[in-house]
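**Q** here you go, sequence then predicted model.
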Amino acid sequence: MGTQQFLILFPLVVAALLLVARSDKLRGAVVWVSGVVIAIGSIALAVQRLTAPAEFFAFESELVNYAALGIDVVLGVFIFVMGVKYKKWLASGLALVQTALVVWFETGPAHSIAVESGLYVDTLSVIMALIIGVIGSGICVYAVGYMRDFAHHHPEVPDRAPVFFAVMFAFLSAMFGVVFSNNLNWLFCAWEVTTVCSFILIGYTKTEEATNNAFLQIVMNLLGGLAFAIAIVIVGTQFGTLELDELVSLGLGGAALGVPVLLIAFAAMTKAAQMPFHSWLLGAMVAPTPTSALLHSSTMVKAGVFLLIKLAPLLGVTTAAGTINAPGWTVMLVGGLTFMICSMMAISQSNAKRVLAYSTIANLGLITACAGIGTAEAIWAAIFLIIFHAASKSLLFLCVGTAEHNIGSRDIEDMDGLFVSMPRLARFMALGICGMFIAPFGMLISKGAALGAFVDSGNVALVFMLMFGSAATFFFWAKWLGKITAVAGTADGKESGVHTEEWASIRLMAILTGAAAVLFPLISSAVVAPYLGASFDVDTLAITGSDLLIMAGMTALIVIVLALTTGHDRTAHRDLPVYMAGVGTVGGTAEFNNSLGGVTSAAQRNWYLTPLFGEAKLDGIGTFISVAVLICGLAAALIFGSVM
């Protein structure tokens, strides 16, 4: 238990230190050292607990209870005050209602409910801890160099770096709290801390756009937080428990948990930016790139899908009694719809960060749908989708942030010649893109497993959603990959200005992307399959076969080739005479001598199909259908909840 407590508390200490560290040099040293310590702590926990059975710790403290309540109140007051300041009355109202409900419950009914196991650790929480501790810390280190450039490129933005880095580490602390808390009140407290940390980071620049997007996030997540709080009140007052594991056990035992399970799932889906709540994550793109990377890969949205996977045994198509499982159907349909619609909308985007945002929402939708199915095979796919998405997406966000500061744009159409002008960065970016959509990398294999689980569930709608969504995924990733790997232009030394912290973090994410795929068979057979066997009472999973070994070998070969070619000069060109059309000019520029003796500039442009897949066309459709599914799901939970 000591390692878990350390991982929760140490980032808080670092956050407090960073608030008072005004020197850039001192701040960088603190972030470097602290990031390494947190990563080592996460790895140490994995060595101790990754293949061990779940363990629940008899830890309960009135001091922690009051501290959690105090944090809830402080967060509520902060949101209320900020809402009044910016005239965002809905945010203030939701914060007031939620805080009042939490204070009433925790000072009243909750006092008579005994909690035996406040903390726990199992395989899923260790996997999440590795993602938070290694990838999250790597992003914090990357931010050291990035924020120097950000201050240079945005002199109009006040330098609030101490607050920025303090909130980043508070974010990590809260995420560790989410994955280790068995006490629902503690879990809720950590849950709300991630919401407020995200609010602060999204609104970092304090521009009108940033402020509006920050409040969009806070309002949507307050809706989820209020639903979560109501669910805790129902479970506590009607079933006399405040422990997550007991909640799952009660549901498996036939208790009437349809409404509270759906409310918690609703909170998880808002946190995971599922439709109709996806717009807050798109709005988060206005924040500095480290914020985007942190939200998308290792925190915030991952908290949502983590909780859905914990609830997966209570989801599925039908209940144990053979009746309609309203929460299961709601979760799987919202997730499947989000995956398909957001994958299609990504086709029409040329802004790289917006493509990454839609891709994140879509992949979270696929994970959500897998959780909704609730079978061992589906959760196998969901866990690996989380792992591969975390590594590849963090790599891509960091690459886009570095490219933006060096080429002056985050638009994919402005990445002509990136393979020549920034060869190392282009190779890392290509690796991240390959990791997201092609074989033999794990995302594609995991999607194949998800398809098998969808077919086995008998849900034809989900199968079609996955098919069309996957086709759209191939379309937008292939366009981007083709753009950055085209050899054109001249080497101009742009990579010389990339900070050491940026290269270190980018290399770390690249190593994790390759290692996750190469070690896929080992992780599956030694870690994930035993965990699912215990959680779902199955002996083996058919997915853990020899095909994974072939995939791992192919991945290793690709990674080795990329590593060996990194740094080689591909810009040398022979001087050629003009001969008909299309002869390249001297110096390797994106120009050629045409047949009339003139010089023509060459350019490649992608096809975005905006009339078919534009946001204006699809966003409203997806939002309307998802709202209808949520309303129908709540009605069904009220009707059929008594037999769950």
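**A** In hand now; what should we look at? Numbers count the residues shown, from 1 in each chain.
**Q** nearest residue to A293 other than its sequence neighbours?
**A** Nearest residue to A293 in three dimensions, chain neighbours excluded: F397, at 3.7 Å (CB to CB, 6 or more residues apart in numbering). Any C-beta I mention is one placed from the backbone N, CA and C, and that applies to glycine too.
**Q** name the element the one you found belongs to?
**A** helix 376-407 (DSSP states H and E).
**Q** how far does that helix sit from its chain's centre?
**A** Mean C-alpha position of helix 376-407 versus that of the full chain (CA atoms, centre = their mean, to the nearest Å) differs by 8 Å.
**Q** and for stretch 404-413?
**A** That offset, for stretch 404-413, works out to 23 Å (CA atoms, centre = their mean).
**Q** kindly report the same for stretch 5-14.
**A** Its chain's C-alpha centre and that of stretch 5-14 lie 22 Å apart, by CA atoms, centre = their mean.
**Q** and what of stretch 511-520?
**A** 18 Å.
**Q** same deal with stretch 191-209?
**A** Relative to its chain's centre, stretch 191-209 lies at 16 Å (CA atoms, centre = their mean).
**Q** below-threshold pLDDT in the stretch 51-200 of the chain: ranges please.
**A** Within the stretch 51-200 of the chain, not a single segment meets pLDDT under 70.
**Q** surely A143 is in contact with V167?
**A** No: taking contacts as CB atoms under 8 Å, A143 lies outside contact range of V167: 11.0 Å.
**Q** among these two, which residue is more densely surrounded?
**A** A count of neighbours by other CB atoms under 10 Å puts A143 above the other of A143 and V167, at 29 against 22.
**Q** which element is the spatially closest residue to the more buried one that is not a sequence neighbour on?
**A** Among residues not flanking A143 along the chain, P290 sits closest, at 3.8 Å (CB to CB, 6+ apart). Secondary-structure assignment from DSSP H and E places P290 in helix 289-297.
**Q** just after that helix, pick out the following helix or strand.
**A** Next along the chain after helix 289-297, taking DSSP H and E as the criterion, comes helix 301-311.
**Q** helices and strands around that following helix, which ones?
**A** Identification of packing neighbours for helix 301-311 by 3 or more CB pairs under 8 Å, 6 or more residues apart in numbering; DSSP states H and E yields helix 123-130, helix 161-180, helix 244-252, helix 258-271, helix 352-373, helix 376-407.
**Q** right, and the helix or strand after it?
**A** Helix 301-311 is succeeded, C-terminally, by helix 326-347 (DSSP H and E).
**Q** just checking, what packs against that following helix?
**A** Counting contacts by 3+ CB pairs under 8 Å, 6+ apart, helix 326-347 packs against helix 258-271, helix 352-373, helix 460-485, helix 610-613, helix 615-640.
**Q** over the last one, what's the mean pLDDT, rounded is fine.
**A** Think helix 615-640. Mean per-residue pLDDT for helix 615-640: 91.
**Q** angle of the helix holding P290 against helix 301-311?
**A** Between helix 289-297 and helix 301-311, the angle comes out at 10 degrees (axes from the mean of the first three to the mean of the last three CA atoms, to 10 degrees).
**Q** contacting residues around helix 289-297?
**A** With contact meaning CB atoms under 8 Å, 6 or more residues apart in numbering, helix 289-297 is reached by 131, 135-136, 139-140, 142-143, 146-147, 168, 171, 198, 201-202, 204, 281, 284-285, 300-301, 353, 356-357, 360, 389-391, 393-394, 397-398, 400-401, 404.
**Q** how about 7 Å then?
**A** Residues from elsewhere that reach helix 289-297 (CB atoms under 7 Å, 6 or more residues apart in numbering): 135-136, 139, 142-143, 146, 168, 171, 198, 201-202, 204, 284-285, 301, 353, 356, 360, 390, 393-394, 397-398, 400-401.
**Q** alpha carbons of the helix or strand encompassing C189, as CSV, please.
**A** Using DSSP H and E, C189 sits in helix 184-202. Extracted in CSV, the C-alpha atoms of helix 184-202 (Å, rounded to 0.1, in the frame of the first residue of the first chain):
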residue,chain,number,x,y,z
LEU,A,184,-16.4,5.9,-3.7
ASN,A,185,-16.2,9.2,-1.8
TRP,A,186,-12.4,9.3,-2.3
LEU,A,187,-12.8,8.3,-5.9
PHE,A,188,-15.3,11.1,-6.5
CYS,A,189,-13.0,13.6,-4.9
ALA,A,190,-10.1,12.6,-7.2
TRP,A,191,-12.5,12.6,-10.1
GLU,A,192,-13.5,16.2,-9.5
VAL,A,193,-9.9,17.3,-9.1
THR,A,194,-9.2,16.1,-12.6
THR,A,195,-12.1,18.1,-13.8
VAL,A,196,-10.9,21.3,-12.2
CYS,A,197,-7.3,20.7,-13.3
SER,A,198,-8.5,20.4,-16.9
PHE,A,199,-10.5,23.6,-16.5
ILE,A,200,-7.4,25.5,-15.4
LEU,A,201,-5.1,24.1,-18.1
ILE,A,202,-7.6,24.7,-21.0
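**Q** other SSEs contacting it?
**A** helix 62-85, helix 161-180, helix 208-239, helix 289-297 (3 or more CB pairs under 7 Å, 6 or more residues apart in numbering; DSSP states H and E).
**Q** L451: neighbouring residues, count only.
**A** L451 has 17 neighbours, counted by other CB under 10 Å.
**Q** nope, A391 is what I meant
**A** A391 has 30 neighbours, counted by other CB under 10 Å.
**Q** list the residues that contact it.
**A** Counting by CB under 7 Å, 6+ apart, A391 touches 135, 435, 509, 512-513, 516.
**Q** which one of the helices and strands packed on helix 301-311 lies nearest to R22?
**A** When the helices and strands packed on helix 301-311 are compared by CB to CB, helix 161-180 sits nearest R22, at 6.5 Å.
**Q** ok, residues contacting that closest one?
**A** 4, 7-8, 11-12, 14-15, 18-19, 21-22, 27, 31, 34, 38, 119-121, 125, 128-129, 132, 136, 140, 143, 147, 186-187, 190-191, 193-194, 197, 200-201, 204, 294, 299, 303, 306.
**Q** now, of the residues you listed, which are buried?
**A** 4, 7-8, 11-12, 14-15, 18, 21, 27, 31, 34, 38, 119-121, 125, 128-129, 132, 136, 140, 143, 147, 186-187, 190-191, 193-194, 197, 200-201, 204, 294, 299, 303, 306 (16 or more other CB atoms under 10 Å).
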